[in-house]
Each structure stands twice: as C-alpha cells, then as structure tokens.
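1. Okay, structure incoming, though there's no sequence with it:
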C-alpha cells in the first residue's frame, strides 16, 4: 500500500514538473512573441521639410485667398499651423533658410544676405551658395552624427553640404551651361538620374511642379530620413506682379494643386512613419518710392568706382540697408550727424540708427560689423544702386521684402504634421528658427546651437 502511494506521489510530482515546464515554455514563447511584435511596431521616423518661398501670413486672413487653397487649408487644420511666424533680419531668403537649419540668427551662422558685399561686381552677381560659409552646425550635420540619411532638392546654401543625396541650388547665367555646373556639384550621377526619372530638365528656372516631383522621386527611391525641398515660383511671381495680384492668385492655385499632389503621393495623412514640416521664409510688401543711400555715399566721395574702392558702403535687403565699413571703420561725430540728417531728409519716411544708440542687437542678430541701419515703416524700397538720385517716386510699385521682421507684412506661415501628434501647441512655431528645434526633437538629434 505504501509502495503504491509512493509511486503515485512520484507520478504526481513528475506530472507536476512536466506541467510546470509546459507553462514556462508557453510563457516564454508568449514573451518572445510579444517582444517580437513590439520590435516590429518600432517604425523608423522620416521627415520632409518643405519651404514655399515668399508666402505672406496675411493670405490666411483672406477668405478669397483661402478659397484658392483647399490643400494648404486642410494641412493648416491638421497641423500645428501658424500664420504669424517671424522671420529673421534681414528678411531675405538665404539668411532665413540658414536660420531654419541652424536655429540661430544670421550674425551667428554667417549667411548675412542673399548676396555678398560686392559693389564693383567682381563676383559677377554671385550669391551665398556655399555650405562651407555656414559657421555653425546644421540639421544635416546633426543627422549624420546619428547615422541618418539626408536628401535635398534646391535648399539654399547647400553647395558642398554633407548631404547624402544633394541637388543644391546654384546658377551663374541661367543658361543651359549652368546645368553642367549643377550636375558637377550634385551628388555623383544624381542630377542626371533625377532628370531621367521625372522627364524634365532640372535647374534654377525649373518650375515648382518639377521640384515637387523630383522631391517625391528622391524620397521614394532613396528613403532619406530627412529631406529638404525648396520651391520658388510664388516668390518670383510676387516680385514680378505683387502679392494679391491676378497672377499671384493663379500661382497660388497652382502651388496648392502641386502641394496636394505631393501630399497624396506620399499618403501623408494615412501613415505613421512620416512627418511634414511646411515653412516659408518671409512675407511681402512693396515700395511706392525709392531710396538709394549709396548715391549719397558716392556724392560724399566715400565710394570711388574708378579706383574700385570705398570707405563705407550700404548693403541693401530691400526694405532696409546696413552701413558697412570699407577702408574706414568709423564715422566722425560730425559725419555721423550729417549722415543721419541728410538721409532722413532726402529719404522722407526712413529712420537711421547708428552707434550713437545701442546697436548691439543689430550686430548680434544681423551683421557683426554693422555701423548703422537705415530702415522704414513706410512704403519705401531701399536700394543698393549708385545710379540716379538719392530719392524718387516710382511709376510702378517695387514688390519685395527685407523690411524689419517686426513689420506685420513680413510674417509668414508654417506648420508641422505627423499622425500621432497629441498636442499641436507643443509643436507650433513662432520663428523660422523653430524649424531647427522641431526637426531635432522629432528625429531625436543631439543638436547644439
């Protein structure tokens, strides 16, 4: 009887052990399966930064304009959108776009204007195209440190940038020969592949539709983690015909359609792995009169074209102009007072600031060598030309920007979208410099300003 009981105990124990092993194996399998499933759910996040040059924020206050923009309106409703984004000073394209990718002001990152100080055109109208002139870290630099792939279609100041798939913006004469230059400066073979894939020439005069389609092709083909895409048609139309013009409205409809096609092709609103950051660089205004302070400097003998030299020079941005040193670094007190009085008298509606006041903010944000700033709150366009008179009323408005970034007309648009965004306010931008902040945050980059 005892033996039978012992056998039963042994048998029961054996069965219990077998059962325990089965439970452990089952639990382990479920745990491995859960981990495997969790691993599969980790999606590699990608981000496209799209810039539409020269989009005034005030357009989003106009029901008429909004009726032309169904796709952009939809994006504004789905994203952390703002129509009051502040640009930088000067409020022009290349400094603003470089502030987007560095998070700092022009005086810090080193791209101080669209063009160089070149009063005698020794550089043949060259722009600040080259990434080596950027003095601080960029988004593509920080992406590379995290082993992320980057791509670019015509973003400003990207010639020679450390971007994996790079189609930089550059031109010289806007003739077919420029295409050879662009091919040579793009990632090896990429320019030709892009043209063959899209079926259109790709250069600085290429229309936005081709740029959108090139951006989509590059994204689908190479799957960069971070793609920059830059379009220019709206800005060009505004410069030629003015904001709110019939031509501008037609261009807005066209760009909205192209944007809608791009978003649809990406399947943006139905995927969890892609974010889109839409931004513009500045708003738009116009001048009814023209102020040319370099004519004043020429008449004073401070610019000597025959000798190709100057003591001082004004570098214009359109709505403002900075006085920069040449052979001389300072004005005498008498010269300073005379300059202020003469400019404000000859160009009524302008305001002169110099080192008789505190201009540390000007040097810190806009240009480290600035001796003074000529600006305006009126409808005056400030030119860097040395031809004609110091001031004149113009027959046709001069459409442009470059006015102080506190000017409401310089405000622009921007929005950030990804499907799982919980709080739009957390991702809302107030400055073009916030592009840097949001990209670093979304892609988990170790960024430094």
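-> Here it is on my side, so go on. Everything numeric here is computed off the predicted structure, so don't read it as measured data. Numbers count the residues shown, from 1 in each chain.

2. For the protein, which helix or strand comes out least confident on mean pLDDT?
-> In the chain, the helix or strand scored least confidently by mean pLDDT, DSSP states H and E is helix 2-41, which has a mean of 43.

3. who does the next helix-or-strand element following it touch, helix- and strand-wise?
-> Sequence-wise, the next helix or strand downstream of helix 2-41 (DSSP states H and E) is strand 46-52. Contact partners of strand 46-52 among helices and strands, from 3 or more Cβ pairs under 8 Å, 6 or more residues apart in numbering; DSSP states H and E: helix 93-102, helix 208-222, strand 226-231, helix 246-266, strand 274-279, helix 434-442. (C-beta placed from N, C-alpha, C; glycine too.)

4. now these in CSV, with mean neighbour count, distance to residue 362 and mean pLDDT?
-> What follows is the helices and strands packed on strand 46-52, written out as CSV (neighbours: other Cβ atoms under 10 Å; distance: least, Cβ to Cβ, whole Å; pLDDT from 0 to 100):
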stretch, mean neighbour count, distance to residue 362, mean pLDDT
helix 93-102, 27, 14, 99
helix 208-222, 20, 35, 99
strand 226-231, 26, 28, 99
helix 246-266, 18, 32, 99
strand 274-279, 24, 25, 99
helix 434-442, 20, 22, 98
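
5. Distance to residue 81 for those - can I get that in CSV?
-> Converted to CSV, the helices and strands packed on strand 46-52 look like this (distance: least, Cβ to Cβ, whole Å):
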stretch, distance to residue 81
helix 93-102, 17
helix 208-222, 20
strand 226-231, 18
helix 246-266, 13
strand 274-279, 8
helix 434-442, 13
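
6. nearest to residue 385, of these?
-> helix 93-102 (19.9 Å; Cβ to Cβ).

7. Could you tell me the angle between the closest one and strand 46-52?
-> Angle between the axes of helix 93-102 and strand 46-52 is 160 degrees (criterion: axes from the mean of the first three to the mean of the last three Cα atoms, to 10 degrees).

8. per-residue confidence averaged over the helix or strand following helix 93-102?
-> Using DSSP H and E, the next helix or strand after helix 93-102 towards the C-terminus is helix 106-109. Across helix 106-109, the average pLDDT comes to 98.

9. other SSEs contacting the helix or strand that helix 106-109 is followed by?
-> Per DSSP H and E, helix 106-109 leads on to helix 139-145 as the next helix or strand towards the C-terminus. Applying 3+ Cβ pairs under 8 Å, 6+ apart, one finds that helix 139-145 contacts helix 93-102, strand 150-153, strand 226-231, helix 434-442.

10. Only the buried residues of helix 139-145, if you could.
-> 139, 140, 141, 142, 143, 144 (16 or more other Cβ atoms under 10 Å).

11. Could you dump these into TSV with pLDDT and distance to residue 371 added?
-> Below are those laid out as TSV (pLDDT from 0 to 100; distance: Cβ to Cβ, whole Å):
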residue	pLDDT	distance to residue 371
139	99	33
140	99	34
141	99	33
142	99	35
143	99	38
144	98	38
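
12. Could you identify the most distant pair in these?
-> The span of the buried residues of helix 139-145, defined through Cβ to Cβ, is set by 139 and 144 at 9.7 Å.

13. what sits up against stretch 380-390?
-> For stretch 380-390, contacts defined as Cβ atoms under 8 Å, 6 or more residues apart in numbering pick out 119, 286-299, 303, 305, 314-321, 346-347, 349-350, 374-376, 394, 398, 400, 402.

14. Go again with 6 Å.
-> For stretch 380-390, contacts defined as Cβ atoms under 6 Å, 6 or more residues apart in numbering pick out 287, 289-292, 294-296, 298, 314, 316, 320-321, 346, 349, 398.

15. Among the buried residues of helix 139-145, which one sits closest to residue 189?
-> Closest to residue 189, out of all of the buried residues of helix 139-145 and judged by Cβ to Cβ, is residue 140, at 19.7 Å.

16. Quick one: residues contacting that closest one.
-> Under the criterion of Cβ under 6 Å, 6+ apart, the neighbours of residue 140 are 150, 161, 162, 163.

17. Go through these and say which is closest to residue 267.
-> Residue 267 has its nearest neighbour among the contacts of residue 140 in residue 150, at 21.8 Å by Cβ to Cβ.
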